[in-house]
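> Mind folding the following:
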Amino acid sequence: MMPCAPVTNRGFSIIELMIATLLGLFASSVVISIFVSTNRSFGQDQQISRMQENARYAMRILANDLSMVGFWGQVLNPGEINTAVRDCDSDGSGAECQHAYAGTSLALTTDCGPGSVSPAPAKWAYSVTPPIEIVTQADADDAETTFSCIDEDEFQAGTDILVIKRVQGQGLASTRADSGDDGTVYLRATGASGMLLNYDHGDMNSAGTDILDWAYAANVYYVQNHFADSGDGIPSLFRKKLGGPAGASAMQTEDGGVAPGIEYFRIMFGIDEDADGVANIYTSSPTAANIENSVTARIYLLARSMNPDPAYTNSKVYQLGDVTKDYSGNPDNYYRRVFTTTVRLRNQANRLLLGP
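Residues are numbered from 1 along each chain as shown. This next block holds a predicted model:
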């Protein structure tokens, strides 16, 4: 019987080791590539999702406000509203809170506009006609000159400013005595006429029982060149609004603005030229007569991602109504999308149907 040959334990040859290493490197590169691609896709989806969420919120705020343009509570004809704001406790008699239109005008410490530049008249916030005012593609200096509550260092030059004035909420009994409403500007209205007043709960009993108070709103929308911190470079939709108690006569800034990443907005008003309730033309610079005949408003928003993506280059051209935003000559690394919707100005349309 022949003895068994001893078993020899031998390792990988150099060729086998090289092949195994190459296979391992290939597998690792595939895994890393998939991870990087997935991670980049997740980051891109997150940026775009956040951009869309911000745009939808900004669109909803603008659409809701625009849809109520021309709403003056019980008053059908805004020409019947006395806009010389009354201080209901100015002489202690309370007569100004009735519809006698007597008393003194409320002195405004800040009215967000000195009135020296068109279209903002003195105390423009209390001028109900027209209910919409627009400054298109304003530079920073014009923005601050026209609306003193806008800081020229914070304004995004070349963007629009939109002003909307109306009443909001539910009509409240004018005979109420609610100290929480003190300092708030209301439209005190009947079906035929109305007046703006600065509410004072201590002098309300003289008001008629058939009269209602509607909270008055004046909102200024514009694009600011930063969001949370000065210099963060995130363009954002901001809104200044008529203040409430302890600041009724001043325009106040909402903390944090409306929505970050809004680079531009454009409003095109649909003008009904033949009184059939359908828009015949659209314009971004309506006259007072155009506004009275506006039946729709088309909103365009250009939204931008919060942060750049070094792996992405944006050199696209975007159309927002009658405005073109062209990045082909100066590309960057931000994602952008145009969002648009059309709003029915139902209160304007209702007035048209009712006739003069």
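
> how far away is L301 from I34?
Plainly put, L301 is 35 Å away from I34 if you go by Cβ to Cβ, to the nearest Å. For the C-beta atoms, the positions are set from N, CA and C on the backbone; glycine is no exception.

> Looking at these two, which one has more neighbours?
Taking neighbours as other Cβ atoms under 10 Å, L301 and I34 compare with L301 leading, 24 against 10.

> who's in contact with the residue lying closest to A140 once chain neighbours are set aside?
Once flanking residues are discounted, A140 sits nearest to E152: 4.0 Å by Cβ to Cβ, 6 or more residues apart in numbering. Residues counted as contacts of E152 (Cβ atoms under 8 Å, 6 or more residues apart in numbering) are 140-141, 143-144.

> quick one: low-confidence parts of the stretch 201-350 of the chain?
Counting by pLDDT under 70, the ranges of the stretch 201-350 of the chain that qualify are 203-209, 242-256, 347-350.

> Strands along that one, start to end?
Taking DSSP state E, counting those that start in this stretch as the test, the strands found in the stretch 201-350 of the chain are 212-224, 236-242, 251-253, 259-260, 262-271, 281-283, 294-304, 317-320, 323-326, 336-344.

> got the angle between the longest one and strand 236-242?
Just to be clear, that refers to strand 212-224. 150 degrees (axes from the mean of the first three to the mean of the last three Cα atoms, to 10 degrees).

> Tell me which other helices or strands strand 212-224 touches.
Helices and strands touching strand 212-224, as assessed by 3 or more Cβ pairs under 8 Å, 6 or more residues apart in numbering; DSSP states H and E, comprise helix 14-67, strand 159-173, strand 185-189, strand 236-242, strand 262-271.

> How far does that strand sit from its chain's centre?
Between the mean C-alpha location of strand 212-224 and the chain-wide mean there is a distance of 11 Å, by Cα atoms, centre = their mean, to the nearest Å.

> Turn the strands of the stretch 201-350 of the chain into JSON lines, columns for distance to T38.
As requested, the strands of the stretch 201-350 of the chain are arranged in JSON lines below (distance: least, Cβ to Cβ, whole Å):
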{"stretch": "strand 212-224", "distance to T38": "35"}
{"stretch": "strand 236-242", "distance to T38": "31"}
{"stretch": "strand 251-253", "distance to T38": "41"}
{"stretch": "strand 259-260", "distance to T38": "27"}
{"stretch": "strand 262-271", "distance to T38": "29"}
{"stretch": "strand 281-283", "distance to T38": "44"}
{"stretch": "strand 294-304", "distance to T38": "24"}
{"stretch": "strand 317-320", "distance to T38": "29"}
{"stretch": "strand 323-326", "distance to T38": "32"}
{"stretch": "strand 336-344", "distance to T38": "23"}
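
> closest to A20 out of these?
Judged by Cβ to Cβ, the one of the strands of the stretch 201-350 of the chain that comes nearest to A20 is strand 336-344, at 48.0 Å.

> export that closest one as PDB, just CAs?
In PDB, the C-alpha atoms belonging to strand 336-344 read as follows (Å, rounded to 0.1, in the frame of the first residue of the first chain):
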ATOM      1  CA  ARG A 336     -36.100  76.800 -10.000                       C
ATOM      2  CA  ARG A 337     -39.700  76.300 -11.000                       C
ATOM      3  CA  VAL A 338     -42.500  78.500 -12.200                       C
ATOM      4  CA  PHE A 339     -45.800  78.100 -10.500                       C
ATOM      5  CA  THR A 340     -49.000  79.700 -11.700                       C
ATOM      6  CA  THR A 341     -52.700  79.800 -10.900                       C
ATOM      7  CA  THR A 342     -55.700  82.000 -11.900                       C
ATOM      8  CA  VAL A 343     -58.000  83.500  -9.200                       C
ATOM      9  CA  ARG A 344     -61.500  84.700  -9.700                       C
END
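
> Hmm, D322 is touching S284, no?
Yes. Under the criterion of Cβ atoms under 8 Å, D322 lies in contact with S284, with a separation of 5.7 Å.

> which residues are common contacts for those two?
Common contact partners of D322 and S284 (Cβ under 8 Å, 6+ apart): 266, 268.

> Which of those two has more residues huddled nearby?
When neighbours are counted by other Cβ under 10 Å, S284 comes out ahead of the other of D322 and S284, with 18 against 13.

> Can you tell me, leaving aside adjacent residues, what's nearest to the more buried one?
M268 (5.3 Å).

> separation between the one you found and Y186?
32 Å.

> Kindly report the same for H201.
From H201 across to Y186, the span is 12 Å (Cβ to Cβ).

> quick one, which of the two is more surrounded?
Regarding H201 and Y186, a neighbour count based on other Cβ under 10 Å identifies Y186 as having more, with 25 against 15.

> My guess is that one contacts L196. True?
Yes. Contact between Y186 and L196 holds when scored by Cβ under 8 Å: they sit 7.3 Å apart.
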